[in-house]
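1. structure here, sequence nowhere to be found:
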């Protein structure tokens, strides 16, 4: 069955990847924050292949642990404080 996502080579982590699916999941979190808890029940940072996405999702987890609502401005703030904004794709990186 075709999913619409092209699986990429596993790279160094030895896992199959679907970077577009990761981007879609992160976009869902920002566009529909109520879906976050459903996603967070199963998705762990180590499940994410793309380092940019792993950093962004880690910032979301951090904000949730602090009780902060997560939006793009908040994520940028967390990533900037960690000095990870460029490693996460910069402020112009699009998730949707």
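-> Everything's here; your move. Model, not experiment: these values are computed from the prediction. Numbering: from 1, shown residues only.
2. can you list the weak-confidence ranges in this protein?
-> 1-16, 95-96 (pLDDT under 70).
3. output the contacting helices and strands for the helix ranked longest in the chain.
-> The single longest helix within the chain, with elements called by DSSP state H, is helix 51-65. Helix 51-65 sits against helix 19-31, helix 36-40, helix 72-81, with contacts defined as 3 or more CB pairs under 8 Å, 6 or more residues apart in numbering; DSSP states H and E. C-beta: built from backbone N, CA, C; applies to glycine.
4. turn these into JSON lines, including distance to residue 91 and mean neighbour count.
-> Below are the helices and strands packed on helix 51-65 laid out as JSON lines (distance: least, CB to CB, whole Å; neighbours: other CB atoms under 10 Å):
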{"stretch": "helix 19-31", "distance to residue 91": "14", "mean neighbour count": "17"}
{"stretch": "helix 36-40", "distance to residue 91": "21", "mean neighbour count": "14"}
{"stretch": "helix 72-81", "distance to residue 91": "6", "mean neighbour count": "16"}
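5. so which of those helices comes closest to residue 53?
-> helix 19-31 (4.4 Å; CB to CB).
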